[in-house]
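1. Quick one, fold the following:
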Amino acid sequence: MLRPATEYRGLSIAAKDGAIGHVDDLFFDDESWTIRYVVVDTGTLLRGREVLISPMAVTGIDWSKREIGLALTREQIENAPGIDTDRPVSRQEQLKQEAIYHNYFGWRYYWGGPGLWGDSAIPTPVPPAAPGGHPGATRPEDEVIEAAEQMQMGDPHLRSVDEVLGYHIEATDGDIGHVEDFLVDESSWAIRYMVVDTRNWWPGKKTLVAPEWIESIRWNDSRVRVDLSREAIRQAPEYDPNAPLSRDYETRLYAAYGRTVYWVEEGRLRRRRRA
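-> Residues are numbered from 1 along each chain as shown. Below you'll find the predicted structure:
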């Protein structure tokens, strides 16, 4: 199921032994367009600092309670090494921080493998807590350094969802709207679509644009250029945020742009990797 990214904001975060705060933002990488961390505002609980939690630590989301459950204790989170949450823009600037952070929690590295999450297509839950306090066995320092080097080679970037909301959308022949939201796959945490509001051109119309249709992003100018014409976007099926997103709608959307649906492309990629 796909959920708007803005619906995650404000969700309460429940550790194994109590609440620790609420979701303030989501960080995604702009290479695979996958949510890598939930930014948690801990209020006064953990000396008022923000912490990053990987989807690999999430045991489930109860939307009726608006709560995310974690396979971590409050003490594990409080004693975690620091990592910069001040809107990081380049993972290269925080390579060792992120690797050590994953090392502490026992999270599998999501980079360097064939899937969205390392060797997996979904964030695999962390192992049970070890007697020493944090989950998983501590990786050797050389493995941490090697992981950091792998990250630097790929040079992906972390971006704030909140920061990108409102970015202008450029078609191949002119402006067309702005980013209103993102639709996130609940199982893989992949961003499947940007929700584009075209109110300044066609009042009331919203449509969806998949990340693979993005030609370039000018982060300094807050602009996203897509490989689609204004007329193609105007003719595309309209998106209704009040109705569930159906597979039939997605099929029609991709057909309107003459593109192969992502579940077919991902299936081909998985088969090539297995071969």
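2. who touches residue 159 in this structure?
-> For residue 159, the contacting residues are 27, 28, 29, 30, 89, 219, by Cβ atoms under 8 Å, 6 or more residues apart in numbering. All C-beta spots, glycine's among them, are computed from the backbone N, C-alpha and C.
3. So which one of those residues is the model least confident about?
-> When those are compared by pLDDT, residue 89 scores lowest at 40.
4. so who does residue 68 touch?
-> 11, 12, 13, 14, 23, 38, 58, 60, 61.
5. so which strand or helix has the fifth one?
-> Going back to what we said before, that points to residue 23. strand 18-29 (DSSP states H and E).
6. Could you name the helices and strands sitting against the helix or strand just after that strand?
-> Using DSSP H and E, the helix or strand that follows strand 18-29 in sequence is strand 34-41. Under the contact criterion of 3 or more Cβ pairs under 8 Å, 6 or more residues apart in numbering; DSSP states H and E, strand 34-41 touches strand 18-29, strand 50-53, strand 158-160.
7. can you confirm residue 98 is in a helix?
-> Yes: per DSSP: H, G, I helix; E, B strand; the rest coil, residue 98 lies within a helix segment.
8. Roughly how far does it sit from residue 191?
-> 19 Å (Cβ to Cβ, to the nearest Å).
9. How about residue 115?
-> 16 Å.
10. Residue 107 too?
-> Distance of residue 107 to residue 191, given as Cβ to Cβ: 20 Å.
11. Run the chain-centre distance for the helix or strand harbouring residue 250.
-> If you go by DSSP H and E, residue 250 is part of helix 247-256. Offset of helix 247-256 from its chain centre (Cα atoms, centre = their mean, to the nearest Å): 23 Å.
12. Tell me the buried residues in it?
-> For helix 247-256, the neighbour count (16 or more other Cβ atoms under 10 Å) marks 249, 250, 253, 254 as buried.
13. What lies in contact with that helix?
-> Residues contacting helix 247-256 (Cβ under 8 Å, 6+ apart): 207, 208, 210, 232, 235, 236, 237, 239, 260, 261, 262.
14. 6 Å instead, please
-> Contact with helix 247-256 is made by 236, 237, 261, as judged by Cβ atoms under 6 Å, 6 or more residues apart in numbering.
15. Of these, just the buried ones, PyMOL syntax please.
-> Here is the PyMOL command that selects the buried residues among the contacts of helix 247-256 (16+ other Cβ under 10 Å):
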select buried, resi 236+237
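16. Return the subset of the contacts of helix 247-256 lying in helices.
-> Assigned to helices by DSSP state H, none of those qualify.
17. Can you add distance to residue 183 and give the contacts of helix 247-256 back as JSON lines?
-> Below are the contacts of helix 247-256 laid out as JSON lines (distance: Cβ to Cβ, whole Å):
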{"residue": "236", "distance to residue 183": "15"}
{"residue": "237", "distance to residue 183": "14"}
{"residue": "261", "distance to residue 183": "15"}
